[in-house]
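Engineer: below are the sequence and a predicted model for it; my questions follow.
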Amino acid sequence: MLRIVVCVSGGGTNLQAIMDAERQGRITNTEMIAVISNNAKAKALERAAARNIPGIVMSPKGYPDREAFNAAFTEKMRELAPDLIVLAGFLVRIPPQMVAEFSNRIVNIHPSLIPSFCGVGYYGLKVHEKVLERGVKVTGATVHFVNEGMDEGPIIAQKAVYVEEGDTPETLQRRVMEQAEWVLLPKAIDDIANGRIAVRDGRAVSC
Ligand code: GAR
């Protein structure tokens, strides 16, 4: 049984997709032990509570500086001792010491086809605004392992989504979620939980 902690910041639709997939048997061999949010008002926490999953609030704002937050956040993760950490719309940078301690055990969902439209400043709706500004015709989502870089770790899965005439950032975000994110993330978790993904030479490979 893979023990999972999910980190969230907002709406929690990806968290919901994971919980639904667990319930429907599309993710097997996992147990969600906690949801951590940096935002006490996140709807994601309500979604977790509705399924009796403990919610924990930890925000950089609650600490004197980033180092103190990083130390406390890493310590909390050590206590929880998950086998897998899932960043499902978590908009706080993961502390370097946590990345090192949980190497190849942290996955992130990003709403673009990495390496396009990612890195510093590219998160949430902003990604879709930049996609529309640039006028690309295809976008999508990526699930990847987290390393010390920003959106740079080994790529586990990607799915392309067409941009449509008349799209707004909101309509595009919704289509990317429906067609890509809510499909890719549960599948990646199921693949990891059932030993179908490994990291070799810095790349995620099927096994
Ligand atoms: C999702 O689109 C996710 O891919 C994105 O934030 C949104 C969270 O939505 N994550 C990032 O931009 C990370 N760089 P949700 O709270 O409804 O799952």
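Structural biologist: Nice, thanks for sending it over. Numbering: from 1, shown residues only.

Engineer: count the neighbours of the residue in the chain positioned nearest to the ligand for me.
Structural biologist: Relative to the ligand, the nearest point of the chain is Gly89 (2.5 Å; CB to the nearest ligand atom). For every residue, glycine as well, the C-beta is placed using N, CA and C. Around Gly89 there are 26 other residues, counting by other CB atoms under 10 Å.

Engineer: hmm, it is touching Asn39, no?
Structural biologist: No: in this structure Gly89 lies outside contact range of Asn39 using CB atoms under 8 Å: 10.4 Å.

Engineer: between those two, what contacts are shared?
Structural biologist: Common contacts of Gly89 and Asn39, defined by CB atoms under 8 Å, 6 or more residues apart in numbering, comprise Ser9, Gly10.

Engineer: can you tell me what sits against the longest helix along the chain?
Structural biologist: In the chain, taking DSSP state H as the definition, the longest helix is helix 66-80. Residues outside helix 66-80 that contact it (CB under 8 Å, 6+ apart) are 5, 33-34, 36, 56, 58-60, 62-63, 85, 95-98, 101-102.

Engineer: direction included, what does the helix or strand that that helix is followed by pair up with?
Structural biologist: Once the chain leaves helix 66-80, the next helix or strand it forms, by DSSP states H and E, is strand 84-87. Within its sheet, and counting by DSSP bridges, strand 84-87 is paired with strand 2-8 (parallel), strand 106-110 (parallel).

Engineer: for Ala188, which three-state class applies?
Structural biologist: Classification of Ala188 by DSSP: H, G, I helix; E, B strand; the rest coil places it in helix.

Engineer: wait, it sits on Ala157?
Structural biologist: Yes: in this structure Ala188 lies within contact range of Ala157 using CB under 8 Å: 5.4 Å.

Engineer: state the number of residues packed around Ala160.
Structural biologist: What Ala160 shows, counting by other CB under 10 Å, is a neighbour count of 12.

Engineer: again, but for Ile155
Structural biologist: A total of 17 residues lie near Ile155 under the criterion other CB under 10 Å.

Engineer: local confidence estimate at it?
Structural biologist: In this prediction, Ile155 carries a pLDDT score of 98.

Engineer: show me what it is bridged to.
Structural biologist: His144.

Engineer: quick one: it and Leu113 touch, right?
Structural biologist: No: using CB under 8 Å, Ile155 is not in contact with Leu113; the gap is 9.6 Å.

Engineer: overlap of the contact sets of those two?
Structural biologist: Common contact partners of Ile155 and Leu113 (CB under 8 Å, 6+ apart): Thr142.

Engineer: re the thing from before, so Ala188 and Ala157 - more neighbours on which side?
Structural biologist: Ranked by neighbour count (other CB under 10 Å), Ala188 and Ala157 place Ala188 first, with 23 against 19.

Engineer: any idea what sits nearest that one, other than its immediate chain neighbours?
Structural biologist: Leaving aside its chain neighbours, Ala188 sits nearest to Val143 (4.3 Å; criterion: CB to CB, 6 or more residues apart in numbering).
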